[in-house]
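Let me see the structure of the following:
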Amino acid sequence: MIGRALISASAAKTVQQPSLCDVLLWMAGDTFHWLHNGHHYYPPAPGEESLTDMHIRHLRQFLGDRVKIFQFNKDQERQNGADWELWIHDRSHGVGLRIQAKKASKQGRYPFAHVVKGTNADQCALLLQDALKVRCVPVYLLYNHWEWDGADLEAEAEAEQAGLLCGHGVDDPARHGATLLSAYRVASEIQRKRDGHNLRHRALWRESLPWNRVLCGGRAVSGTSHQVLTGVADAVRGLIRPGMPASTPNREEAEAGGGILRDGPNLLPLHVVRLLEAHEAEPPPPPVPTATTVLVDVSDDNEQTHTWEFVSCVRPSNPARR
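Down below sits the predicted model:
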């Protein structure tokens, strides 16, 4: 039923493939309710790997020929601190993200200060270091739910006051089931923790943005590929700037994603070009391994029509929330 809702415009119109915005928005809602219900009504809550696998599957299912997905050895994540790599591109230029996923606990905390097992390496430091090697911007993808400490209405009111609801009311918080956060901001908070302070989970959560807002929201998704990619690059730069620690080496470069997006979308690096030319079942090894690489094509010859009939999130399934 959900799949039909995503790919059907209306009985009176030609069926259209959903836009990237549609899919991201729907996945955020699905994540929110699956995690919320798992923590509070129908345990157990899904794990980070399950949520990530679901997202990658839905990107494949609903974006069709516009997406190529390459799976690599999961153990390779230990080498770079990332769960997956995402490129939004037009076959010549693109914006790349190195993504580390973190799931909110029942109390609304995230395992940011993670040490990679068997290496004693800081996961965030690896993410920052290796993302730049493949010309990607390092980010955290937060899987969120509300009703922290049982204070559901209080948390929703707090989110609305902080401007996290994108103009939507508290009745529709599920748009924030998947949000993006600068890895530089996380690194500064981890350093603060090393200095003897508590890690401020809510402060980081407030600074994260819905991934559909960063990757396509607020811009004409039916525009040219150049407009789409320029909008994504601008939004990613905006995500990175806040909270940049003053001690960061070459701070100006870091604020622009290591200089990667200073001039907008970049020429695709060689490893992405090779993946575009490769068969998904036989991918060439990436220069810095990760578990999965997702390539989303927004070229002008690909349909980017927004299915305006699909504008709301999946609603709660438990009776207590109806």
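
CA atoms for contacts and neighbours, from now on please.
Noted.

Tell me which strands whichever strand or helix holds P138 pairs with, and in which orientation.
If you go by DSSP states H and E, P138 is part of strand 137-143. Strand pairing for strand 137-143, determined by DSSP bridges: strand 93-103 (parallel), strand 178-182 (antiparallel).

low pLDDT regions in the protein?
Where the chain drops to pLDDT under 70, the residues are 1-17, 73-81, 118, 147-173, 217-223, 242-259, 302-322.

repeat that for 50
In the predicted model of the chain, residues 1-15, 77, 148-152, 162-171, 218-221, 246-247, 249-250, 253, 256, 304-322 satisfy pLDDT under 50.

where exactly do the strands run in it?
Taking DSSP state E, the strands of the chain run over residues 67-71, 84-89, 93-103, 115-116, 121-122, 137-143, 178-182, 209-210, 266-267, 292-297.

Out of these, the one nearest E277 is which?
With C-alpha to C-alpha, the closest approach to E277 among the strands of the chain belongs to strand 67-71: 10.3 Å.

What residues of stretch 28-39 count as buried?
Going by neighbour count (16 or more other C-alpha atoms under 10 Å), the buried part of stretch 28-39 is A28, G29, D30, T31, F32, H33, W34, L35, H36, N37, G38, H39.

The third one contacts A178, doesn't it?
No - here D30 lies out of contact with A178, judged by C-alpha atoms under 8 Å, at a distance of 9.4 Å.

hmm, back to that, for the strands paired with strand 137-143, could you give me TSV that also reports mean neighbour count and distance to E48?
Formatted as TSV, the strands paired with strand 137-143 follow (neighbours: other C-alpha atoms under 10 Å; distance: least, C-alpha to C-alpha, whole Å):
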stretch	mean neighbour count	distance to E48
strand 93-103	25	6
strand 178-182	26	12
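
would a markdown table of the ones you listed with distance to V288 be doable?
A markdown table is the format used below for these (distance: least, C-alpha to C-alpha, whole Å):
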| stretch | distance to V288 |
| --- | --- |
| strand 93-103 | 11 |
| strand 178-182 | 20 |
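
right, so of the ones you listed, which gets closest to L270?
L270 lies closest to strand 93-103 among the strands paired with strand 137-143, at 11.4 Å (C-alpha to C-alpha).

contacting residues around that closest one?
47-48, 52, 81-89, 110-112, 127, 131, 135-144, 229, 232-233, 261, 265-268 (C-alpha atoms under 8 Å, 6 or more residues apart in numbering).

and these, which are buried?
Neighbour-count burial (16+ other C-alpha under 10 Å) applied to these gives 48, 52, 81-89, 110, 112, 127, 131, 135-144, 229, 232-233, 261, 265-268.

Which residue ranges of the stretch 51-200 of the chain form helices?
Along the stretch 51-200 of the chain, counting by DSSP state H, counting those that start in this stretch, helices occupy 123-133, 152-161, 183-194.

If you tally nearby residues, what's the number for E207?
As a burial measure, E207 scores 17 neighbours (other C-alpha atoms under 10 Å).

Correction: the previous question concerned E280.
13.

how near is it to S92?
According to C-alpha to C-alpha, to the nearest Å, E280 stands 19 Å off from S92.

Then P18?
From P18 to S92 the distance is 23 Å (C-alpha to C-alpha).

More neighbours: those two, which one.
Taking P18 and S92 together and counting by other C-alpha under 10 Å, P18 has the greater number of neighbours (23 against 13).
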